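Trainee: Build me a structure from this.
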Amino acid sequence: MPVTERPLAQRFADAMGQLLGPEFPSDIALAVSGGGDSMAMLYLAHNWTRDYGVRLWVVTVDHGLRAESAAEAAMVAEECASLGWPHATLLWQWDGRGNVQDAARRARLALIDRWRGTVRHVLFAHTQDDQAETFLMRLARGSGVDGLSGMRAVRDVAPHAGIVRVLGGGEITGAAPPRQGGTPGYRVVRPCLDMERDALRHYLTVLKGRWVDDPSNENRDFDRVRIRQLLRLLGEEGLTSSVLSDTARRMARARDGLTARMVGAVRQLCSDAPLGQVRMDRDGFAALDDETRLRLLTAGLSYVAGAEYRPRVASSEALLERVLSGAGGTLHGAEVLVEKAHLRIVRETSAVSDEETPLGTLWDGQWLVSDPEDKMPQGARVRALGEEGWRQIADRSALAVPFRAAIALPSVWLGTDLMACPSLGIGPQIEACRFVLGRRDTGFEAFCLSH
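Mentor: Next comes the predicted model:
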């Protein structure tokens, strides 16, 4: 029987088996907004647990952007109470900076991370229609294979590096999972990614379930809304959500193959460099095919900058041309240095945070420099090595990195005096741990394999 002809409950069970089975976790969280997609997922998951004995924890993030949002969160809480599952509402207030939709997305992931305790899997109700809309939005931006691969059915996220703050009293209403023994980050699971939005609405209607329609879903000020309306027209010409979703799946298959080839190049060409930097054989890089060169370059830029997304294709291609001509350049918060025999990708000096932070707190969004044995004097602070720090290093002849690669590294200062630069082996041995997208950095190859 074709997938779309099977009962939706069976399709959900099959998806959960593929994404989480065969040994299901004892507890799973659901992100439920109150919209049709997420409410359908709630009912599907509720019925699914009858056979698998999994405990559900439900969370709604109230972004406070609409007057109706509090009532919608209360509706979800009422439905969860009737189904017998604990529910929490998490509150967020936009500070007015940046793109509101992107800020809301990041806040949602971060708040859920602070709420989830020991629960490692959080279900999101993205659908086949969402996948198709994402494909078209990225196509309009000129994305390559990776962008057109769409959303992954399973994705690891780590919104916080190091210690995750406990939610305050004004940030949560309702129940939260236990916190003891939690590990950094969690796994976003999308069991409805191959399901049509209309099928989920039909499922809700048959069950006489409740949901709300967000009026912002018709607001043409948002890119996704305009793409959604365009998709309705394209569907009349055969370019349906199903067709676009299938194309994204094929692009994902191509992405995985290209990533495997790139990782092989990393193992062959990349040599030791301090954490947070990439060093590769220049001639070997030039001999690679065009696609692998571009992927290796953009992966290096993202790794060094700690960026969630790779830079735009057009900008990356322009930088690649400069690198091959021997010029180097900056992009995405990173800098490519062209040396005689190597290419080195380092943090762009002007992109590094200019603030000083206490030991034991995150610096530049990446580094956690700590002094557990109290080797540093009272009042020591962390900041970039910079030109002044470079001048204070008495013997630079044995350093493994050149000036441009060193000055963006974290170092410890007492006033105007350099105390230590752990990455260069300067000063007493203290701990300097780097985080990439919230996870402890274990090197460039590991980054390529997991991103």
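
Trainee: tell me how far stretch 257-264 is from the chain's mean position?
Mentor: Taking the mean of its C-alpha atoms, stretch 257-264 sits 20 Å from the chain's own mean (CA atoms, centre = their mean, to the nearest Å).

Trainee: low-scoring stretches of the chain, by residue?
Mentor: Within the chain, the ranges that satisfy pLDDT under 70 run 1-4, 180-183.

Trainee: which helix of it spans the most residues?
Mentor: Using DSSP state H, we find that the single longest helix of the chain is helix 241-269.

Trainee: Just give the number of residues close to residue 22.
Mentor: 5 (other CB atoms under 10 Å). C-beta: built from backbone N, CA, C; applies to glycine.

Trainee: That one and residue 330: what is the separation?
Mentor: Look at residue 22 and residue 330: by CB to CB, to the nearest Å, they are 48 Å apart.

Trainee: can you check residue 439 too?
Mentor: Using CB to CB, residue 439 is found at 25 Å from residue 330.

Trainee: between the two, which one's more packed in?
Mentor: Using other CB under 10 Å, the more surrounded residue of residue 439 and residue 330 is residue 439, with 18 against 15.

Trainee: What separation do you get for that one and residue 323?
Mentor: For residue 439, the distance to residue 323 equals 28 Å [CB to CB].

Trainee: same thing with residue 110?
Mentor: 35 Å.

Trainee: same check, this time on residue 144
Mentor: On the measure of CB to CB, residue 144 and residue 323 end up 18 Å apart.

Trainee: right, and residue 153 touches residue 192 too?
Mentor: No. The criterion here is CB atoms under 8 Å, and residue 153 misses it with residue 192 at 9.6 Å.

Trainee: Quickly list what's touching both of these two.
Mentor: Contact criterion CB atoms under 8 Å, 6 or more residues apart in numbering; residues shared by residue 153 and residue 192: residue 15.

Trainee: who's more crowded, those two?
Mentor: Taking residue 153 and residue 192 together and counting by other CB under 10 Å, residue 192 has the greater number of neighbours (27 against 19).

Trainee: which SSE is the more buried one in?
Mentor: Using DSSP states H and E, residue 192 maps to neither a helix nor a strand.

Trainee: what sits against it?
Mentor: Per CB under 8 Å, 6+ apart, neighbours of residue 192: 12, 15, 37, 40-41, 44, 125-127, 200.

Trainee: Now do it against residue 37, distance only.
Mentor: The value you get for residue 192 to residue 37, if CB to CB is used, is 7 Å.

Trainee: hey, what's in contact with both of these two?
Mentor: 125-127, 200.

Trainee: Select from the residues you listed every entry located in helices.
Mentor: Those of those lying in helices (DSSP H): residue 200.

Trainee: will you turn the shared contacts of residue 192 and residue 37 into CSV that also has neighbour count?
Mentor: Converted to CSV, the shared contacts of residue 192 and residue 37 look like this (neighbours: other CB atoms under 10 Å):
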residue, neighbour count
125, 26
126, 22
127, 25
200, 27
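
Trainee: can I get the shared contacts of residue 192 and residue 37 in TSV with distance to residue 149?
Mentor: Output for these, formatted as TSV (distance: CB to CB, whole Å):
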residue	distance to residue 149
125	20
126	14
127	17
200	23
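
Trainee: Can you tell me the strand partners of whatever helix or strand residue 30 lives in and which way each runs?
Mentor: Using DSSP H and E, residue 30 falls within strand 27-31. In the sheet, strand 27-31 lines up against strand 55-62 (parallel), strand 121-123 (parallel) (DSSP bridges).

Trainee: As a check, name the ranges of all strands in the stretch 251-400 of the chain.
Mentor: For the stretch 251-400 of the chain, the strands defined by DSSP state E, counting those that start in this stretch cover 270-271, 278-281, 329-331, 334-338, 342-347, 357-358, 362-363, 367-370, 381-384.

Trainee: Format the ones you listed as CSV; extra columns: distance to residue 247.
Mentor: Formatted as CSV, those follow (distance: least, CB to CB, whole Å):
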stretch, distance to residue 247
strand 270-271, 33
strand 278-281, 32
strand 329-331, 29
strand 334-338, 31
strand 342-347, 32
strand 357-358, 45
strand 362-363, 39
strand 367-370, 40
strand 381-384, 44
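
Trainee: mind checking which of those strands is nearest residue 220?
Mentor: strand 329-331 (32.4 Å; CB to CB).

Trainee: what helices or strands is that closest one leaning on?
Mentor: Here strand 329-331 touches helix 313-324, strand 334-338, going by 3 or more CB pairs under 8 Å, 6 or more residues apart in numbering; DSSP states H and E.

Trainee: Repeat the analysis, applying 6 Å as the threshold.
Mentor: Secondary-structure packing of strand 329-331 (3 or more CB pairs under 6 Å, 6 or more residues apart in numbering; DSSP states H and E): helix 313-324.
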